[in-house]
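A.B. asks: Got a predicted structure plus its sequence, pasted below:
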Amino acid sequence: AQSVTQLDSQVPVFEEAPVELRCNYSSSVSVYLFWYVQYPNQGLQLLLKYLSGSTLVKGINGFEAEFNKSQTSFHLRKPSVHISDTAEYFCAVSDGSYQKVTFGTGTKLQVIP
Amino acid sequence: GAGVSQSPSNKVTEKGKDVELRCDPISGHTALYWYRQSLGQGLEFLIYFQGNSAPDKSGLPSDRFSAERTGGSVSTLTIQRTQQEDSAVYLCASSSFRELFFGEGSRLTVL
């Protein structure tokens, strides 16, 4: 069975500082990995995805994530955050043969001015 | 419309009543998902449809919950004899090659 762990429920960070949101997954087969973002009072939208190829994936709004198979991780990073990045971020996994998508419990990023 | 449409956006009901939540996916998307989002609980998988069939119903919390999809399009999630713990935002998403497109959700409050 596939699962996702986001250990940090909340991450406060000062504006223009770098941030890393952690995500670890477990799956018995090859995986596809995703980060979704939910801005306040809005629906979820895709930030970036790893399907195959380069392990460094770039997404919208300057975010990127790196797939590390040996560590079963897919951490999200941004070198310099803005107030507008304040949102809840969800990591998700889907295995290679089945379309069920499992989400983590989310990490709330709070950017402090 | 271009996006996933859910209705109602808000529903307040009394304990013990039945409710129906509707999802209209993006045209052409064959996969459809229902999730439940409760405060501090993240997104809880409920059920997934491929076309009209549901290969995975493992997330439905109890037999009070059921879902169907007709014509490979609209889906309805039904909760019978609602309980206060059913209060949550119910999210629907349709999928094109593993990218999920979410609706705005239906917020259910059970009094």
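C.D. replies: Cool, the structure landed. Numbers count the residues shown, from 1 in each chain, chains lettered A, B, ... in the order given.
A.B. asks: what's near enough to touch the residue most central in space within chain A?
C.D. replies: Centroid-nearest residue in chain A, with Cα atoms, centre = their mean: A:Trp35, separated by 3.6 Å. Going by Cβ atoms under 8 Å, 6 or more residues apart in numbering or on different chains, A:Trp35 touches A:21, A:23, A:46-49, A:59, A:63, A:65, A:74, A:76, A:89-92. C-beta here means a position set from N, CA and C on the backbone, and glycine is covered the same way.
A.B. asks: low-confidence ranges in the chain?
C.D. replies: You didn't pick a chain, so chain A it is. For chain A, the stretches flagged by pLDDT under 70 are A:28, A:96-98.
A.B. asks: Wait, chain B was what I had in mind.
C.D. replies: Using pLDDT under 70, the flagged stretches of chain B are B:1.
A.B. asks: Write out the residues of it neighbouring chain A.
C.D. replies: B:31, B:33, B:35, B:40-43, B:45, B:48, B:50, B:55-56, B:91, B:93, B:95, B:98-100, B:102-105 (Cβ under 8 Å from any Cβ of the partner chain).
A.B. asks: Narrow the residues you listed to just the buried residues.
C.D. replies: Neighbour-count burial (16 or more other Cβ atoms under 10 Å in any protein chain shown) applied to the residues of chain B next to chain A gives B:31, B:33, B:35, B:42-43, B:45, B:48, B:50, B:56, B:91, B:93, B:95, B:99-100, B:102-105.
A.B. asks: Which ones among these map onto helices?
C.D. replies: Applying DSSP state H to these, no entry is found in helices.
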